[in-house]
Each structure stands twice: as C-alpha cells, then as structure tokens.
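Engineer: A structural model of the following input is requested.
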Amino acid sequence: MSATQSWQEWFESIWAFREETLYRQWFGDTGPGIYCLSYDLFRKLGDPSPDPRWLHHGVFACPPTPSRPHWAYITSGLSNPWGQEPAGIDAQQYSGLGLELLLVTPQRADWAIGSLSWLSAVILQVASGKIRGGLPELGDRIPLRTPVHAKSAIGHIVLLPPPDPLPAQFKLDSGVADLMLCLGITEDETRFAKANGSDLLLERLKAADRYPLTDPDRPSIL
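Structural biologist: Residues are numbered from 1 along each chain as shown. Model prediction:
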C-alpha cells in the first residue's frame, strides 16, 4: 500500500465514523443522503473557483424519530482533517476546522439546509483566507443571508451548546470537534444579546421554551 492510499483510507475511515456511527447514534435516520455544497453557492459568495474538496461538504436532513419529535440538520465536513497526517495527530487538538453545525426545526425546512450550507461555505472561505474574519465561536451572532420567509421575524442565528444528550465536543481519530447549535433569533433578541451577552439570551430563550428548536413563525420573546 502506498503512502497516499494509506492516508486516503485513514481519512475516509474518519469521515465514515462521523457520518455512519456518530450521526446515526445521535439522530437515527440521517435521511436520503447528504446535500452537498455547490459551485453555484460559492459563485454567489464571489468565489468562482472553490477548492473541489469543499464540494464534498454538506448537510444531512434527519427526520423525526420516536425519541426526537423534530427535524435535525447537521453539517458534515468541517471537521475533516484536510492537510493533517496520522503521525502528527494530537488527540486533544482540533480535527480540521474543529466544528460541525446543528439546526433543529419543528417541521421539515429547506431553508435550514440552505442556511447551514451558506454558513459552511462562508466558514471554509474564512479559513482559506478568501474572506476576512475568524472561525465561529459559541455566543457568536450571525445575520442570515436571506429571511427564513417573508413574514418571519427570524433574521439571525446565535451559536449555542447543543441540547442534551448531544455532546458539546466529540472525538475522531484525527482530533476533536465542537458541536454547535445554530438557533434562529429575532432582531430584538439579537440587540439584547449584544447588550447583555448570549448567555443571558440563552437563559431567556430556555425560560420561554424557545431552545433548541428554531420555529420561523414564532414572535420575539422580547
């Protein structure tokens, strides 16, 4: 076996473990397949020649199960260990960009796939230096590129810890990755978080039973 074959098998085993073992443990049915990022998405972001590897990243749409009565959307690829080598892995360090993103909704929602795809593409461009900025962190508030729908008050997302029993961080053979919940919030809630912090907003959202689901039709809690 060549060094290239050995690396490819290592890389693919990590990818398969995340999608076929971890995701199925967490979400059960992961849907008909992954919704991959597209050239058109990157072109709309001003990048006519994205790295071809990015087009294998995407989003799973996981339907409800008896133990989870809502839809779950989970990215796959941001924790891929591109550029890492098995011999140099530190199990305590991040695998790839060190995160995957989750969004949960009461009904199936194409906008959820689109929003996570767009955010994944932006993160990849930031990481490659094509867009200025830093990698996302818990508590960050991010404006959505388009409204959830014309009458929805949800215009931003805030990055929060995932709900129990999902792990805040998970382990791969290439390192660790954070699992971040993308929760839709209104303009008023965004202003509140800017003034008071995302932790206090999270307390308010939990008290109002607005965590962890993003319901695009809900009114603001403030």
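
Engineer: Can you identify each of the strands in the chain by residue range?
Structural biologist: In the chain, the strands defined using DSSP state E lie at 35-36, 58-62, 71-76, 94-105, 141-143, 154-160, 169-172, 175-186.

Engineer: Tabulate these in CSV, adding columns for mean neighbour count and mean pLDDT.
Structural biologist: Any C-beta I mention is one placed from the backbone N, CA and C, and that applies to glycine too. Formatted as CSV, the strands of the chain follow (neighbours: other Cβ atoms under 10 Å; pLDDT from 0 to 100):
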stretch, mean neighbour count, mean pLDDT
strand 35-36, 17, 98
strand 58-62, 22, 98
strand 71-76, 25, 98
strand 94-105, 22, 98
strand 141-143, 14, 97
strand 154-160, 21, 97
strand 169-172, 16, 98
strand 175-186, 22, 98
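
Engineer: any chance of those strands in CSV, plus distance to D47?
Structural biologist: Listed next are the strands of the chain as CSV, based on distance: least, Cβ to Cβ, whole Å:
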stretch, distance to D47
strand 35-36, 16
strand 58-62, 17
strand 71-76, 18
strand 94-105, 17
strand 141-143, 19
strand 154-160, 22
strand 169-172, 27
strand 175-186, 22
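
Engineer: Looking at the ones you listed, spot the one closest to V122.
Structural biologist: Closest to V122 of the strands of the chain, according to Cβ to Cβ: strand 141-143, at 8.5 Å.

Engineer: Sheet-wise, list the partners of the closest one with their directions.
Structural biologist: strand 154-160 (antiparallel) (DSSP bridges).

Engineer: Would you mark the buried spots in the lowest-mean-pLDDT helix or strand in the chain?
Structural biologist: Lowest on mean pLDDT, DSSP states H and E among the helices and strands of the chain sits helix 3-16, with a mean of 89. Judged by neighbour count (16 or more other Cβ atoms under 10 Å), helix 3-16 contains these buried residues: 10-11, 14-15.

Engineer: Then stretch 143-154?
Structural biologist: Result for stretch 143-154 [16+ other Cβ under 10 Å]: buried residues 144, 148, 152-154.

Engineer: Put together CSV for those residues, with distance to T214 on each row.
Structural biologist: Output for these, formatted as CSV (distance: Cβ to Cβ, whole Å):
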residue, distance to T214
L144, 11
V148, 8
S152, 10
A153, 12
I154, 7
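
Engineer: Of these, which belong to helices?
Structural biologist: Using DSSP state H, no member of the buried residues of stretch 143-154 falls within helices.

Engineer: farthest-separated two in those residues?
Structural biologist: Pairwise distances among the buried residues of stretch 143-154 were taken by Cβ to Cβ; the largest, 11.8 Å, belongs to L144 and A153.

Engineer: in the protein, what spans have low per-residue confidence?
Structural biologist: 1-3 (pLDDT under 70).

Engineer: Quick one, which of the strands of the chain gets closest to G28.
Structural biologist: Here strand 58-62 is closest among the strands of the chain (Cβ to Cβ), at 7.0 Å.

Engineer: could you say what helices and strands that closest one packs with?
Structural biologist: helix 23-27, strand 35-36, strand 71-76, helix 110-127 (3 or more Cβ pairs under 8 Å, 6 or more residues apart in numbering; DSSP states H and E).

Engineer: any chance of the ones you listed in a markdown table, plus distance to W54?
Structural biologist: A markdown table is the format used below for those (distance: least, Cβ to Cβ, whole Å):
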| stretch | distance to W54 |
| --- | --- |
| helix 23-27 | 20 |
| strand 35-36 | 9 |
| strand 71-76 | 12 |
| helix 110-127 | 5 |
